[in-house]
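[1] give me coordinates for this.
(one chain, ligands or ions: 2)
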Amino acid sequence: MSILVESVSKLYGKQKALDNVSFEVKTGEIVGFLGPNGAGKSTMMKIITGFLPPASGRVLVNGLEVGTGNPDVKRQIGYLPENNPLYPEMYVREYLGFVASIYGREKKSKKQIDRIIELTGLSPEQNKQIGSLSKGYRQRVGLAQALIHNPAVLILDEATTGLDPNQIIEIRNLIKEAGREKTVLLSTHIMQEVEAICERVIIIDHGVIMANEEKSKIYSLVNQPKQIIIVEFDKHVELSELSGIENIGNVKLIRNNTWQIESEGQEDIRPAVFNFAVSKNLTVLSLQKQQSNLEEVFRHLTS
Ligand code: ADP
Ligand code: MG
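    Ligands and ions are numbered 1, 2, ... in the order given. Have a look, this model is predicted:
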């Protein structure tokens, strides 16, 4: 076990930002912490990293309880906070040396700084002032400071928010690269992020865990009430004719001769649609089942 969150609650005044939250992230996993704005992701991450105390419950990182003042816990954790606060007047290399020194790593730091600068692609920028860097490069510096003391656990809060599409892909690749030898919990409100990077997803909403599943299994959480298919016939059909198909639900014409058809129940209605076409002397030009995506699961669980 790498991160163990046990019955954590957190109040801001009367508002419950986290309500009895428990989950585990195992060694080596990359887990997405997914939820809409205000769900409690940043609060949870601040508690895991020891920046905020929980109202109740506790967090263990590699078996050590967070928030007890034990310096060994902080050494286990690399943290990229939301909005990535940095010192704009410092130089990249200088800043990373400064962070390394906080962890008491002056002796080993030159080699480690070289390694991290290389890993995060900061070589060309290492002697520039942080304030002069693009947002994408500043995010790399944020990742570099989280990695500099070689922590076993990485906590990344909205690491790609505010970046352009190319930068997003670069930072995701960096996270995947860094995550090969680490345990990673990354928060995001973007479903594709989870699809792209994570093995497991924890969905949180209003401070409550709504789902905690392997990415491949999360789709089955939504017992999709309906099947949706898109069918294209070669000729015009009347809506009234289609409604004669067994178990048919909503039907919508989406293009010329192309229909979106929902089933009433959960059964696959493709055979019935096919038989209908045969009986009406129609040719089926295409017939596809629509996959539900993570976005739908997310909306289903958090609405
Ligand atoms: P997320 O990171 O998922 O967007 P947060 O953890 O930042 O969510 O916030 C969870 C809830 O707690 C929100 O409703 C937010 O307004 C509230 N909140 C966060 N920080 C504070 C604070 N320092 N004081 C009062 N309320 C806060
Ligand atoms: Mg947040």
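[2] what's the helix or strand for I254?
    Using DSSP states H and E, I254 sits in strand 248-255.
[3] give the other helices and strands that that strand contacts.
    helix 239-242, strand 258-263 (3 or more Cβ pairs under 8 Å, 6 or more residues apart in numbering; DSSP states H and E). Bear in mind the C-beta positions are built from the backbone N, C-alpha and C, glycine included.
[4] will you turn the ones you listed into TSV that also has mean pLDDT and mean neighbour count?
    Listed next are the helices and strands packed on strand 248-255 as TSV, based on pLDDT from 0 to 100; neighbours: other Cβ atoms under 10 Å:
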stretch	mean pLDDT	mean neighbour count
helix 239-242	91	12
strand 258-263	91	18
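[5] which elements pack onto the host helix or strand of K16?
    Assigned by DSSP H and E, K16 belongs to strand 15-25. Applying 3+ Cβ pairs under 8 Å, 6+ apart, we find strand 15-25 packed against strand 3-12, helix 41-48, strand 56-61, strand 200-205, strand 208-214.
[6] quick check: residues of the chain near ligand 1?
    12, 17, 35, 37-43 (Cβ under 6 Å from any ligand atom).
[7] who touches the strand holding I254?
    226, 230, 232, 239, 242-243, 259-264, 269, 272 (Cβ atoms under 8 Å, 6 or more residues apart in numbering).
[8] try it again at 10 Å.
    225-228, 230-232, 236-237, 239, 242-243, 245, 258-265, 269, 272-273, 276 (Cβ atoms under 10 Å, 6 or more residues apart in numbering).
[9] correct me, but S279 touches V237?
    No. Proximity of S279 to V237 does not meet the contact threshold set by Cβ atoms under 10 Å, at 11.6 Å.
[10] more crowded one of these two?
    Each of S279 and V237 has its neighbours counted (other Cβ atoms under 10 Å); V237 has more, 18 against 11.
[11] rewinding a little: tell me which two of the residues of the chain next to ligand 1 sit farthest apart.
    Spanning the widest gap among the residues of the chain next to ligand 1 are Y12 and G35, at 16.4 Å by Cβ to Cβ.
[12] give me the domain ranges for this protein.
    3-217, 227-291 (automatic domain parsing).
[13] hang on, isn't Q290 packed against I230?
    Yes. If you go by Cβ under 10 Å, Q290 and I230 touch, sitting 6.6 Å apart.
[14] before we move on, back to that, tell me which residues of the strand holding K16 are tucked away?
    Neighbour-count burial for strand 15-25 flags 16-19, 21, 23-25 (criterion: 16 or more other Cβ atoms under 10 Å).
[15] and of the helices and strands packed on strand 15-25, who's closest to L80?
    Nearest of the helices and strands packed on strand 15-25 (Cβ to Cβ): helix 41-48, 9.3 Å.
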